[in-house]
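Peer 1: Following is a predicted model, sequence given first.
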There are 2 protein chains.
Amino acid sequence: MTLPPASPAIAVVLVRTRNPLNIGAAARAMINFGFHDLRVVEPFDLAWQEARSAVGAASILASARECSTLADAVADCTCVLGTSAIGDRQPLQPIVDLPAALPWLAQRVAGRIALVFGQEKHGLTNHDLSHCDAILRIPTLPEQASMNLGQAVAVCLYEFARSGHAPTATEAPKAAPAADLERLTASLHRLLCISGYIKPIAAQGALLEARALIHRLTLNREDTHLLTGMLAKIERKLAR
Amino acid sequence: MTLPPASPAIAVVLVRTRNPLNIGAAARAMINFGFHDLRVVEPFDLAWQEARSAVGAASILASARECSTLADAVADCTCVLGTSAIGDRQPLQPIVDLPAALPWLAQRVAGRIALVFGQEKHGLTNHDLSHCDAILRIPTLPEQASMNLGQAVAVCLYEFARSGHAPTATEAPKAAPAADLERLTASLHRLLCISGYIKPIAAQGALLEARALIHRLTLNREDTHLLTGMLAKIERKLAR
C-alpha cells in the first residue's frame, strides 16, 4: 500500500497547544501521512516559538498559519471536525467515530476539511465545539479516553490516509465554507437578540446554540447565502 | 462505538528504547485502547528507570516484563509482528500493511500476538526481524516513513482496536509459540553447521535465514514438535 501522490484536502488545526513537543509531533505525523496544511490558534507563545525553532523543525511549521480565533482558522473549510473525548458532556453536535468518518464525510460534504485538536489538558471547549459540524471521537476505552495530543493527531491522520483519500471537491460541490456559516450564525444571533427571543443575559450561551444549529443544517453555499439574505432583510425591517 | 471489554491478546514489545517519554507514550496508548501486556527488551537503563518512576506512571509500566532478548520476550507468542519502515532493505519476511493486518492474522494464526517496536533512531535490526513472522508496515509516504515511536504504537493499537478485536485462540488453535519455533530454528541451524551445509564463517548470517525460513512455514504446534524431533534424530546420527 502506498499513499496517493495528492494528499487529501485536510487542514490540521491545533487550538491553544501548550507543549512544543506536541506541536512538533503533530507536524511529524502530518509529514508521515502526507498532509501539509497546519494552522495554530492562540498557541502558547513560548511553545510555538520553541517548536518552530527546534533543530530539524519541519517546513510545515514554518508555513503554518497562526490564527487568533478558531473561526478564522477554519473560515475556508466546508467541514469542521472537532476531536473530543466528550466525557460527561452532552454535545450539541453529532458524534462521528473515527473509523466511520470517511463514509460520513462522503455522504455529507466536500471541500476542505478541518481536523481540530484542543489543548492538551482540557481539549476543546464547548465554545470551540460550537464551530464544529461534528465531533470526531477516537474509539478508546470510555474510562481512558484522553489521548496524548501527538498520538491523537497521528491516529486521525492514519485513518484518513488509510482509505487512500478523503472526499474531494468533485464529489459533492457547493458545500458552504465555515466563514459563510459563521456570517449566517451571526445574523441569526443578532436577529434573535433584537427580536427579544434571546434575553441579553443569555446572549453568549445562545450564540453557541445558534452556531450548532446552523452547522447541523448541512447547508450548501447557495442556501447559506439565501438564508443570510433573508435574515438581513428581517433585521433591517426590525431596525426601522 | 465502544471497545469490547476483553482486550485482544496482544503484547507490545519495545526493543532497546532510549527515551523515557516514548516508553510512557507507548503505555498511555495501551491504556487508551485497552491493552495491558507490555514487555521491554534491553531498555536503555536510565530511560527505563525514569519512565517507571515518572509521576502518574501507569500500572502497565510497573507490571511490564523486562527481558534480555527479543526471543525471550516473544517466547509465548504464536505470531510475532515486527514494525518497520523497511526502507531499502529486502526483508526475508512477508510484509503486511497495517490496515490488512487483522484479515491476515485471521487467516493465519491465533493465540498471543507480539507487536514489536524497535529503537527510536534505527528501528528493528535484521537480527530482530528474523524473530518475526511478518513485518508490519504503517502506510506512510515512502520518503517519510520513519514515525515517532509513541505515535507508531498508538496507530497500530488503534488499528487493532478499530475492528473490535484481534483473532482469538478459538479461531485457529494450535499455532506454535515462538519459543518452539526458536528451538526448531536452533536445531536446523546446528544441523546445517554440523553437516557442512553452512560454512563456519557464515554461521551467524545463516541463523537469521534459517529463522526466517522457519517462521515463513506457518507451522502448527504439532508439526513444529515433529520437525524438531526429526532434526534431533538426524543430529544424533551425525554426531556418531
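Peer 2: Arrived safely.
Peer 1: got the contact list for residue A:26?
Peer 2: When contacts are counted by CB atoms under 8 Å, 6 or more residues apart in numbering or on different chains, residue A:26 touches A:12, A:14, A:17, A:38, A:117, A:149-150, A:153. Where you see a C-beta, it was placed from the backbone N, CA and C, and this is true even at glycine.
Peer 1: can you do 7 Å?
Peer 2: The contact partners of residue A:26, by CB atoms under 7 Å, 6 or more residues apart in numbering or on different chains, come to A:12, A:14, A:149-150, A:153.
Peer 1: Out of those, name the ones that lie in strands.
Peer 2: Among the contacts of residue A:26, the members falling in strands (DSSP state E) are A:12, A:14.
Peer 1: Would you mind listing which of the contacts of residue A:26 are buried?
Peer 2: Buried members of those, scored by 16 or more other CB atoms under 10 Å in any protein chain shown, are A:12, A:14, A:149-150, A:153.
Peer 1: could you pick out which of those residues are near chain B?
Peer 2: residue A:150 (CB under 7 Å from any CB of the partner chain).
Peer 1: out of the buried ones among the contacts of residue A:26, who's nearest residue B:237?
Peer 2: residue A:150 (57.9 Å; CB to CB).
Peer 1: Identify the residue nearest that closest one in space, chain neighbours excluded?
Peer 2: Using CB to CB, 6 or more residues apart in numbering or on different chains and skipping residues adjacent in sequence, the residue nearest residue A:150 is residue A:25, 2.8 Å away.
Peer 1: Who are the contact partners of that neighbour?
Peer 2: Per CB under 7 Å, 6+ apart, neighbours of residue A:25: A:150, B:148, B:151.
Peer 1: what's the offset of the helix or strand where it lies from the middle of its chain?
Peer 2: Element membership for residue A:25 (DSSP states H and E) is helix A:20-33. With CA atoms, centre = their mean, to the nearest Å as the basis, helix A:20-33 stands 18 Å off its chain's centre.
Peer 1: which is the next helix or strand following it?
Peer 2: Downstream of helix A:20-33, the first helix or strand assigned by DSSP H and E is strand A:37-41.
Peer 1: Would you reformat the contacts of residue A:26 as CSV and include pLDDT?
Peer 2: Below are the contacts of residue A:26 laid out as CSV (pLDDT from 0 to 100):
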residue, pLDDT
A:12, 97
A:14, 97
A:149, 95
A:150, 95
A:153, 97
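Peer 1: got the angle between the helix holding residue A:25 and helix B:20-33?
Peer 2: 70 degrees (axes from the mean of the first three to the mean of the last three CA atoms, to 10 degrees).
Peer 1: What angle do strand A:37-41 and helix A:20-33 make with each other?
Peer 2: Angle between the axes of helix A:20-33 and strand A:37-41 is 160 degrees (criterion: the same axes, to 10 degrees).
Peer 1: ok, now how distant is the most centrally placed residue in chain A from chain B?
Peer 2: By CA atoms, centre = their mean, the mean C-alpha position of chain A lies nearest to residue A:80, the distance being 3.4 Å. Residue A:80 sits 21 Å away from chain B, going by CB to the nearest CB, to the nearest Å.
Peer 1: Where does that residue sit: helix, strand or coil?
Peer 2: The three-state assignment at residue A:80 reads strand, by DSSP: H, G, I helix; E, B strand; the rest coil.
Peer 1: Break chain A down into its structural domains.
Peer 2: Domain segmentation of chain A under automatic domain parsing yields A:10-162, A:178-239.
Peer 1: out of those domains, deepest packed?
Peer 2: Of the domains of chain A, the one with the most neighbours on average (mean count of other CB atoms under 10 Å in any protein chain shown) is domain A:10-162, at a mean of 20.
Peer 1: element containing residue A:197?
Peer 2: Under the criterion DSSP H and E, no helix or strand holds residue A:197.
Peer 1: quick one: contacts for it?
Peer 2: Applying CB under 7 Å, 6+ apart to residue A:197 gives no contacts.
Peer 1: Try it again at 10 Å.
Peer 2: Neighbouring residues of residue A:197 by CB atoms under 10 Å, 6 or more residues apart in numbering or on different chains: A:188-189, A:191, A:206.
Peer 1: Point out the least confident one among these.
Peer 2: Within the contacts of residue A:197, pLDDT reaches its minimum at residue A:191, with 80.
Peer 1: Quick check: it vs chain B, distance?
Peer 2: Distance, residue A:191 to chain B, by CB to the nearest CB: 39 Å.
Peer 1: Using CSV, write out every CA atom in the host helix or strand of that residue.
Peer 2: With elements taken from DSSP H and E, the one containing residue A:191 is helix A:178-194. The C-alpha coordinates for helix A:178-194 follow below in CSV (Å, rounded to 0.1, in the frame of the first residue of the first chain):
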residue,chain,number,x,y,z
ALA,A,178,-17.3,27.8,7.6
ALA,A,179,-16.9,31.6,7.1
ASP,A,180,-20.3,31.7,5.4
LEU,A,181,-21.9,29.7,8.1
GLU,A,182,-20.3,32.0,10.7
ARG,A,183,-21.9,35.0,9.0
LEU,A,184,-25.2,33.3,9.0
THR,A,185,-24.8,32.4,12.6
ALA,A,186,-24.0,36.0,13.5
SER,A,187,-27.1,37.2,11.5
LEU,A,188,-29.4,34.7,13.3
HIS,A,189,-28.0,35.5,16.7
ARG,A,190,-28.3,39.3,16.2
LEU,A,191,-31.8,38.9,15.0
LEU,A,192,-32.8,36.7,17.9
CYS,A,193,-31.3,39.2,20.3
ILE,A,194,-33.0,42.2,18.6
